[in-house]
Each structure stands twice: as C-alpha cells, then as structure tokens.
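K.L.:
For reference, the sequence and a predicted model appear below.
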Amino acid sequence: MAALLLTPVEDSTSDEDIRNFLMKYGFPSPDGFKRVPSEGARPAVAVTFDGATEPALQALLPRVNQVFWKNHTVTALVMRAPIE
C-alpha cells in the first residue's frame, strides 16, 4: 500500500472530488481518504492506494504537484508510511 499527501485540501472537498482529480491525471482509483487536521491554512488529506507502490506514485507525482485546483496550488508528497 502507498499513500499520497495532498495539501491544501479544504474539509468541504468531497472524497469523490479528490478521486476524480487524481484519476484525471492518471492515478489509480484511491482506496481510502484520511483528513489531516491543521491549525493553519493548509488542511490536508492522505489518500491511500492499496494496489500501488511508492515508486509508482512517485512516477505519477509530477502530474499533480503544483497544479492549481479549487483555488489553491496543490502540493503532493508520497508518504513512506500511511498516517495513522
């Protein structure tokens, strides 16, 4: 399993919106979404992919990192271990 951290993603953004955004750029369908609390202006979501590897996500990462989406420039990072 591999995970991707996207920030900033507002809490009001639905899992389906996130799924559609990622799949538009060639990512496999995500298997899980976990909101990461933030006290600042950078709310995040950890997206898990059960059938993907870290190298596979690293190869796809440039497709979404620094893309303008939902009035923000998204930063994407591949996580070494999912957020518990």
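P.N.:
Sure, I can see it. Just so we're clear, the structure is a prediction, and the values are computed from it rather than from any experiment. Numbering: from 1, shown residues only.

K.L.:
C-alpha only now, for contacts and for neighbours.
P.N.:
Noted.

K.L.:
ok, which stretches of the chain are helices?
P.N.:
In the chain, the helices defined using DSSP state H lie at 15-24, 54-60.

K.L.:
tell me the contacts of the closest residue in space to F68 that isn't next to it in sequence?
P.N.:
Among residues not flanking F68 along the chain, V74 sits closest, at 6.1 Å (C-alpha to C-alpha, 6 or more residues apart in numbering). Neighbouring residues of V74 by C-alpha atoms under 8 Å, 6 or more residues apart in numbering: 6-9, 64-68.

K.L.:
TSV please, covering these and showing neighbour count, pLDDT and distance to D15.
P.N.:
Shown next, in TSV, are those (neighbours: other C-alpha atoms under 10 Å; pLDDT from 0 to 100; distance: C-alpha to C-alpha, whole Å):
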residue	neighbour count	pLDDT	distance to D15
L6	22	96	12
T7	20	95	14
P8	20	94	14
V9	25	93	10
V64	21	97	16
N65	15	98	18
Q66	13	97	20
V67	13	97	18
F68	11	97	18
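
K.L.:
and the nearest residue to T48 once chain neighbours are set aside, bridged to which residues?
P.N.:
Nearest non-adjacent residue to T48, counting by C-alpha to C-alpha, 6+ apart: A3, 4.3 Å away. As for beta bridges, A3 partners with T48, M79 under DSSP bridges.

K.L.:
what about A3, distance to R42?
P.N.:
18 Å (C-alpha to C-alpha, to the nearest Å).

K.L.:
more neighbours, those two?
P.N.:
Neighbours per residue (other C-alpha atoms under 10 Å) separate A3 from R42, with A3 holding more: 25 against 16.

K.L.:
For that one, give its distance to E39.
P.N.:
A3 is 22 Å from E39, by C-alpha to C-alpha.

K.L.:
How about A56?
P.N.:
31 Å.

K.L.:
Check P8 too.
P.N.:
When P8 is compared with E39 (using C-alpha to C-alpha), they lie 12 Å apart.

K.L.:
same question, S12
P.N.:
Looking at S12 against E39, where the rule is C-alpha to C-alpha, the gap reads 16 Å.
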